[in-house]
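> Show me the folded form of this:
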Amino acid sequence: MIERFKESIPVEGGPVEVFKEALLLLENGAVLSGHPLSGSIRLTVNPYRSIVVETPEGAALDRNGVAALLDAIDRVERASRERTVPRECLEDYAFIDLDLLKAGITDNPEKKFEP
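Down below sits the predicted model:
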C-alpha cells in the first residue's frame, strides 16, 4: 500500500507503533486528519493501521489528535491482549485498511492520493 501514497512513512510493527509515530509527528506540528480508529469491523484487532496527518504551517499542537491517538493506543493494546488475528485474515484486513484510507481521502479532495 505504501507505494500508492507519495509521502508515506513506513512504520515497522503494528497499529500501536503507527500511533506512536503519529504522536511524534503531531509533536512536530502535524495535525491528525480523521480518526485513528475509523471503521467498525473488529478494527481494534486489525494488524494494519494507516492514518493521515497534515502539516499546515504555523499549526498549534493538535491536542484533540493527541488525545485520540492516546485513546487509540489504549484500546488497541487492550484488544490485542484479548484476541489474536488468524493468518488467513491478514490479506482481508490489509484490504479494509486501504479501503478506509482511500475513503477518508476521497471525502476530502485536497488529500494527495495516487491510484
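
> can we go C-alpha only for contacts and neighbour counts from here?
Noted.

> Tell me how many other residues surround Arg63.
Arg63: 13 surrounding residues under other Cα atoms under 10 Å.

> try Gly65
Gly65: 21 neighbours (other Cα under 10 Å).

> now swap in Thr84 and tell me
Thr84 has 11 neighbouring residues, counting by other Cα under 10 Å.

> same question, Lys6
Residues near Lys6, counting by other Cα under 10 Å, number 10.

> How about Glu7?
Around Glu7 there are 10 other residues, counting by other Cα under 10 Å.

> ok, now the one 3 residues further on?
Pro10: 12 surrounding residues under other Cα under 10 Å.

> what kind of secondary structure is it in?
Three-state call for Pro10 (DSSP: H, G, I helix; E, B strand; the rest coil): coil.

> In stretch 17-36, which residues are buried?
18-20, 22-23, 25-26, 29-33, 36 (16 or more other Cα atoms under 10 Å).

> Against Pro47, how distant is Gly13?
Distance of Gly13 to Pro47, computed by Cα to Cα, to the nearest Å: 9 Å.

> higher neighbour count, the two?
Neighbours per residue (other Cα under 10 Å) separate Gly13 from Pro47, with Pro47 holding more: 19 against 10.

> That one against Leu90, yeah?
Yes - using Cα atoms under 8 Å, Pro47 is in contact with Leu90, at 7.5 Å.

> Chain neighbours aside, what residue packs nearest to the spatially most central residue of the chain?
Nearest residue to the geometric centre of the chain (Cα atoms, centre = their mean): Ile51, 2.6 Å. Nearest residue to Ile51 in three dimensions, chain neighbours excluded: Pro36, at 6.0 Å (Cα to Cα, 6 or more residues apart in numbering).
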